[in-house]
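>>> fold the stuff below for me.
(3 chains)
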Amino acid sequence: MPELPEVETIRRELDREVVGKRIKSVEASGERTLRRHKSPKEFVAKLEGAKISGVERRGKYLVFKLDTGDLLVCHLGMSGQLRKEQAKDPVADHTHVVITFTQGGQLRFLDPRTFGEMFVTTPDELGEAVPELADLGFDPVETPLSWTAFGEMLIKRQTKLKALLMDQKFMAGLGNIYSDEILFAAGLRYDRPANSLSTQEIRRLYRSVVETLHDAVKYRGSTLADQGYVDLYGKTGDYAEHHKVYARDGLACRRCRTPIQKVRFNSRTTYYCPQCQV
DNA sequence: ACGCCCGCCTGTAAGC
DNA sequence: TGCTTACAGGCGGGCG
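Just a heads-up that it's a prediction; the model follows:
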């Protein structure tokens, strides 16, 4: 669920809420959340006493810069949430990490399905020990390309459009929801071979990538019916109201009134308009 | 290189 | 009502 717009929304809030704060203590009970460490103790030891000097985003990863020189990396997976709370607030189920600041207040990580993770590493190791981050493709919001450069990369690939959009090594940050929304905005089917696009289609696709993501960030991301995504304050995002195809199967297309179709593609649910997307 | 599927997890909801 | 099954989609990995 958390894709680029949701992670960017949280990053902006973290920028306000935790940058400049010093970590007083850390409670880390989640072994699976901290699976890259030998033990939660090791994770805690690297954090206590450190000050957070900045928060960046790379695709769906959050990277906290520490004044020790280390980096705290967080991926929310499917069900991870970061929440700003007070020490007196009740601790929700599935809370795996609690960071308490010297200035008061806590940052908590909860994650029912434990696909998410947190770990501390060094800038050097990001390029070696952490291939997932080192191999990430460009970030279309943070470091956009020209559409011509995008087209040169795209035309070389022998794969279908949706698989390519979701490939984090090609472009970082898209998941199932935004891939479908972007393909609708571009008027392209999920199963079009990437190397079959005309120059005009490439330009339209890239414009749709950038515009859809910016729009979604403006509305603070998509909270679906399951409420799986909320921001740092527990607030839902408003972008789902603006979805054109995602979870709208059987409903009339907002552009042409044809019913939106739901299919399985690469064992993922895919929504599209059979009239508007070619 | 690509398509396809599994495993990792839990909460929710549909189906019998 | 209560049990079982399917689904949700993040990612790595394995296989053809």
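>>> for DNA strand C, what's the nearest residue on the stretch 51-200 of chain A?
A:Gly175 (2.5 Å; CB to the nearest atom of the strand). Backbone N, C-alpha and C define where each C-beta goes, glycine included.
>>> interface residues of the stretch 151-278 of chain A facing DNA strand C?
Within reach of DNA strand C by CB under 7 Å from any atom of the strand, the stretch 151-278 of chain A has these residues: A:Met166, A:Gln168, A:Gly175, A:Asn176, A:Ile177, A:Arg268, A:Thr269.
>>> surely the fourth one meets A:Arg268?
Yes - the pair A:Asn176 and A:Arg268 passes the contact test of CB atoms under 8 Å, sitting 5.4 Å apart.
>>> more neighbours: the two, which one.
Neighbour totals were compared for A:Asn176 and A:Arg268, and A:Asn176 leads with 19 against 15 (other CB atoms under 10 Å).
>>> interface residues of the stretch 1-150 of chain A facing DNA strand B?
Residues of the stretch 1-150 of chain A that fall close to DNA strand B, judged by CB under 7 Å from any atom of the strand: A:Arg32, A:Met78, A:Asp93, A:His94, A:Pro112, A:Arg113, A:Thr114, A:Phe115.
>>> and the residue nearest to the first one when sequence neighbours are not counted, what are its phi and psi?
Spatially, and ignoring its direct neighbours in sequence, A:Arg32 is nearest to A:Thr114 (4.5 Å; CB to CB, 6 or more residues apart in numbering). Backbone torsions of A:Thr114, given as degrees, to the nearest 10, read phi 50, psi 30.
>>> related to what we said a few turns ago, just the buried residues from the residues of the stretch 1-150 of chain A next to DNA strand B, in PyMOL please.
Selecting only the buried entries of those in PyMOL, with 16 or more other CB atoms under 10 Å as the criterion:
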select buried, chain A and resi 94+114
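>>> mean confidence score for the lengthiest helix in chain A?
In chain A, with assignment by DSSP state H, the single longest helix is helix A:199-218. For helix A:199-218, mean pLDDT rounds to 95.
>>> which of the residues of the stretch 1-150 of chain A next to DNA strand B are close to DNA strand C?
Near DNA strand C, by the rule CB under 7 Å from any atom of the strand, you find A:Met78, A:Arg113, A:Phe115 out of these.
>>> what's near enough to touch the second one?
Right, A:Arg113. Under the criterion of CB atoms under 8 Å, 6 or more residues apart in numbering, the neighbours of A:Arg113 are A:Gly77, A:Met78, A:Ser79.
>>> so how far is DNA strand B from the residue lying closest to the residue of the stretch 51-200 of chain A closest to DNA strand C once chain neighbours are set aside?
Leaving aside its chain neighbours, A:Gly175 sits nearest to A:Glu3 (4.0 Å; criterion: CB to CB, 6+ apart). As defined by CB to the nearest atom of the strand, to the nearest Å, A:Glu3 lies at a distance of 17 Å from DNA strand B.
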